[in-house]
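Peer 1: the following comprises the amino acid sequence and a computationally predicted model.
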Amino acid sequence: VQLQASGGGLVQAGGSLRLSCAASGNNFVVLVFGWYRQAPGKQRELVATINTSGNTAYSDSVKGRFTISRDSAKNTAYLQMNSLKPEDTAVYYCNADVWVVQRGRNNYWGQGTLVTVSS
């Protein structure tokens, strides 16, 4: 299974961006999509998750501003980021907890996509 993240870029404070994460491969089901981020000099942190039932969870720092969603038919997750702040600047990583037929449960990371918020 491979994850392809896209949608990062440069935006002014108060602006919006939408990140996408597409999972590809054979005979798999994504159980949980997650978005993480890592700012310069800081540890990677969890931003948001969504499971197959559509249940979501958010870090306190993004709650009310970011929305995670998924299109299970497309094996794709999205992160809509509104009211962006300079402190949201980071490399954003897609993560997926996946059930692969005949292989069981595995965890995968996509490549990062850089989000830069200017003040």
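Peer 2: Thanks, I have it.
Peer 1: please report how far the one residue sitting closest to the centre of the chain lies from Ser83.
Peer 2: Nearest residue to the geometric centre of the chain (CA atoms, centre = their mean): Trp35, 2.8 Å. The gap separating Trp35 from Ser83 is 16 Å, by CB to CB, to the nearest Å. Backbone N, C-alpha and C define where each C-beta goes, glycine included.
Peer 1: ok so, going back, the residue nearest to the centre of the chain bridge partners, please.
Peer 2: Ala48, Cys94 (DSSP bridges).
Peer 1: residues contacting it?
Peer 2: By CB atoms under 8 Å, 6 or more residues apart in numbering, Trp35 lies in contact with 19, 21, 46-49, 68, 77, 79, 92-95.
Peer 1: okay if I get these as TSV plus neighbour count?
Peer 2: Output for the contacts of Trp35, formatted as TSV (neighbours: other CB atoms under 10 Å):
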residue	neighbour count
Leu19	24
Cys21	27
Leu46	14
Val47	24
Ala48	22
Thr49	19
Ile68	23
Ala77	29
Leu79	27
Tyr92	23
Tyr93	21
Cys94	26
Asn95	22
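Peer 1: between those, which is closest to Ala39?
Peer 2: When those are compared for distance to Ala39 (CB to CB), Tyr92 wins out at 10.2 Å.
Peer 1: quick check: closest non-adjacent residue to that closest one.
Peer 2: In space, and not counting its chain neighbours, Tyr92 is closest to Arg37: 4.8 Å by CB to CB, 6 or more residues apart in numbering.
Peer 1: count the neighbours of that neighbour for me.
Peer 2: Residues lying near Arg37 (other CB atoms under 10 Å) number 24.
Peer 1: wait, a strand at it?
Peer 2: Yes: Arg37 sits within a strand when classified using DSSP: H, G, I helix; E, B strand; the rest coil.
Peer 1: roughly how far apart are it and Val29?
Peer 2: For Arg37, the distance to Val29 - CB to CB - is 25 Å.
Peer 1: just Lys42 next, same as before
Peer 2: Distance, Lys42 to Val29, using CB to CB: 32 Å.
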